[in-house]
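Enquirer: have a look at this prediction, sequence included:
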Amino acid sequence: MTVVKSTIPESARQVTGEALQSTLVDLLGLSLIGKQAHWNIVGPRFRSIHLQLDEVVSAARSFADTVAERSSALGLPPDGRPETIASAFTLPGPKDGWVRDVDVVQVMVDALEAAIARLRERIEATEKPDPVTQDLLIAITAELEKQRWMFAAENVSRED
């Protein structure tokens, strides 16, 4: 059943749909990684990192909603069901239990780097098929790069 007719050709819609769905999975998963770390972080930098994790979660959830709505606008039903996210998600995440602040920072740097690399591939893939979606992916990448930079700065030692 097609509820909404797409404004772009079918071939472009397929490429765009794949890019949007994978981005949705990454963003929802990233928000879960952030919350898991948020609940389980321990260490002397607990408070500042705890609050920064909320920023990542908020951004990821907001962008996930925007990505899903873009998909819907193109006549492609977004799939954010837990089983879809669980089966398709590949970004690195924290171990279970308490996680030291330094380890949380590294997990977030690694997860954000992986998400950014995948977004850059999708930016390239959507350049011709749908520049509107490409623009959205560029904006998401900019925010995730800012968050990655902020976490990476936490891991710089005083001697560096």
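Expert: Thanks, I have the structure now.
Enquirer: any idea how far residue 131 is from residue 22?
Expert: Residue 131 sits 18 Å away from residue 22, taking C-beta to C-beta, to the nearest Å as the criterion. From N, CA and C alone the C-beta is placed, and that goes for glycine too.
Enquirer: quick one: which of those two has more around it?
Expert: residue 22 (18 against 11; other C-beta atoms under 10 Å).
Enquirer: ok now do that one, which residues does it touch?
Expert: Under the criterion of C-beta atoms under 8 Å, 6 or more residues apart in numbering, the contact list for residue 22 reads 88, 118, 122.
Enquirer: buried ones in the helix or strand encompassing residue 141?
Expert: In the assignment (DSSP states H and E), residue 141 maps to helix 131-154. Of the residues in helix 131-154, 133-134, 136-137, 140-141, 144-145, 147-148, 150-151, 154 count as buried by neighbour count, 16 or more other C-beta atoms under 10 Å.
Enquirer: what do you get for stretch 14-23?
Expert: Result for stretch 14-23 [16+ other C-beta under 10 Å]: buried residues 15, 16, 17, 19, 20, 21, 22, 23.
Enquirer: distance from the chain centre to the longest helix along the chain, please.
Expert: Taking DSSP state H as the criterion, the chain has its longest helix at helix 10-40. Mean C-alpha position of helix 10-40 versus that of the full chain (C-alpha atoms, centre = their mean, to the nearest Å) differs by 5 Å.
Enquirer: next structured bit after it?
Expert: Next element after helix 10-40 (DSSP H and E): strand 41-42.
Enquirer: what sits up against that following strand?
Expert: Defining contact as C-beta under 8 Å, 6+ apart, one finds that strand 41-42 is touched by 49, 50, 53, 98, 99, 100, 101, 104.
Enquirer: thank you kindly, that will do.
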